[in-house]
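Asks: What follows is a predicted protein model with its sequence.
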Amino acid sequence: LKDISLSVEEGEIVSIIGPSGSGKSTMLRCATMLEEIDGGEILYMGKKAAWVENGKVMHPDKKEMKEIRSCFGLVFQNFNLFPHYSVLKNITDAPIHVQKRNKDEVYKEAMELLKKMGLEDKADAYPFQLSGGQCQRVAIARALALNPKILFFDEPTSALDPQLTGEILKVIKDLAAEHMTMVIVTHEMNFARNVADHIVFMENGVIVKEGAPEELFTSDNQRIKEFLGKFQLSTRHLLALVNDVLDMGRIETKQEKGMMEAFDLEQLMTETSSLVEAQLEETGIRHYRHREGIRHTALIGNPLHLLK
């Protein structure tokens with residue numbers, strides 16, 4: 001990271017985008033003190049969490065540091081749930097043993113969070129019994145159980161397939177509607193554009209440009225245009241494929257299989273998952289498996305909705 005300067009206001013949603021290796025996750029790890037900074041300072045609610053004096057990283061005393069750490073929660077890419085703990089224990093362990101809160105109160109809040117996440121029937125389940133999307137929702141509930149002022153998400157959908165990605169993006173959208181302060185590192189461009197108040201584009205450890213979503217997505221910066229162009233190109237390919245399927249009507253299995261392989265549908269669906277999820281209810285996109293294992297895409301309604 002080089003000369004990074006970023007502030008987040010209460011209730012604001014900031015999305016951080018950029019190519020892999022640009023420093024997005026490193027910035028989150030520094031912000032949450034999982035990585036030591038070499039220079040500069042980190043502040044939460046006006047209180048210094050880390051700063052450098054004479055080349056040495058300094059932190060406040062243990063009591064104040066505990067208060068500062070309670071300000072934020074972090075949701076990882078790969079869930080990081082304790083495999084030997086039940087879902088309920090994963091959520092309640094830190095509030096009870098770290099924050100020293102009343103056990104009955106914590107369990108009540110945990111069950112409310114599970115209900116909010118659509119997982120109230122999974123309280124006694126273990127991580128290995130859950131899908132990836134369910135594990136990520138438990139991880140979000142665990143972070144919320146600490147009552148943080150701000151939530152950090154480090155590519156929360158990168159380990160999930162398109163369907164499960166939609167589940168997590170819906171949860172984050174619901175949190176946004178509740179004005180939860182969030183910083184989200186993501187490769188879901190459509191989601192970032194629709195949900196964020198502020199977008200930061202990073203590359204090679206620096207912030208290349210930041211601003212309102214429309215400012216970034218209509219930027220004349222050549223590097224940003226190239227980065228976003230890859231996403232938009234994939235979207236156009238997907239739209240072409242959907243229209244081809246609609247035009248062809250009922251076709252033979254062998255022909256359809258060849259067309260699907262030529263367009264590499266699985267890759268396109270992954271790359272455009274946020275677009276598909278965002279338009280799911282409006283257009284009625286449905287995915288299902290043919291009895292011979294071939295994936296189809298069916299579109300109910302006007303395909304021009306997707307062009308939006």
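Replies: On my side now, so go ahead. Numbers count the residues shown, from 1 in each chain.
Asks: what stretches of this structure score poorly on pLDDT?
Replies: Low-confidence segments of the chain, defined by pLDDT under 70: 230-308.
Asks: could you redo the last one with a cut-off of 80?
Replies: Regions of the chain meeting the criterion pLDDT under 80 cover residues 159-164, 229-308.
Asks: Spatially central, which residue of it would that be?
Replies: Nearest to the mean C-alpha position of the chain, counting by C-alpha atoms, centre = their mean, stands P156 at 3.6 Å.
Asks: Surely it is in contact with H187?
Replies: No: the pair P156 / H187 is not scored as a contact, 10.6 Å apart, by C-beta atoms under 8 Å. Backbone N, C-alpha and C define where each C-beta goes, glycine included.
Asks: G211 against I199, yeah?
Replies: Yes: because the distance of 6.9 Å satisfies C-beta under 8 Å, G211 is recorded as touching I199.
Asks: These two: who's more crowded?
Replies: Counting neighbours by other C-beta atoms under 10 Å for G211 and for I199 shows that I199 has the greater number, 25 against 13.
Asks: which stretch of helix or strand covers the more buried one?
Replies: Using DSSP states H and E, I199 maps to strand 198-203.
Asks: Whichever helix or strand comes after that strand - contacts with which helices or strands?
Replies: Where DSSP H and E defines the elements, the next helix or strand beyond strand 198-203 is strand 206-211. If contacts are counted by 3 or more C-beta pairs under 8 Å, 6 or more residues apart in numbering; DSSP states H and E, strand 206-211 sits against strand 198-203, helix 222-248.
Asks: Surely D154 touches F76?
Replies: Yes: under the criterion of C-beta under 8 Å, D154 makes contact with F76 at 5.6 Å.
Asks: and these two? which has more neighbours close in?
Replies: Neighbours were counted for D154 and for F76 using other C-beta under 10 Å; D154 has more, 22 against 19.
Asks: check contacts around the more buried one.
Replies: 24-25, 28-29, 74-77, 185 (C-beta atoms under 8 Å, 6 or more residues apart in numbering).
Asks: what do you get for L81?
Replies: Listed by C-beta under 8 Å, 6+ apart, the contact set of L81 reads 90, 127, 135, 138-139, 142.
Asks: any chance of those in a markdown table, plus distance to M65 and neighbour count?
Replies: Shown next, in a markdown table, are the contacts of L81 (distance: C-beta to C-beta, whole Å; neighbours: other C-beta atoms under 10 Å):
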| residue | distance to M65 | neighbour count |
| --- | --- | --- |
| N90 | 24 | 24 |
| P127 | 29 | 19 |
| C135 | 29 | 23 |
| V138 | 27 | 26 |
| A139 | 23 | 26 |
| R142 | 21 | 24 |
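Asks: Give me the subset of these lying in helices.
Replies: Cross-referencing the contacts of L81 against helices under DSSP state H gives 90, 135, 138-139, 142.
Asks: So which of those is the closest to N221?
Replies: Closest to N221 out of the ones in helices among the contacts of L81 is A139 (34.0 Å), distances taken as C-beta to C-beta.
Asks: which SSE is the nearest residue to P213 once chain neighbours are set aside in?
Replies: In space, P213 comes closest to R193 once its chain neighbours are excluded; the distance is 4.7 Å by C-beta to C-beta, 6 or more residues apart in numbering. Using DSSP H and E, R193 sits within helix 189-195.
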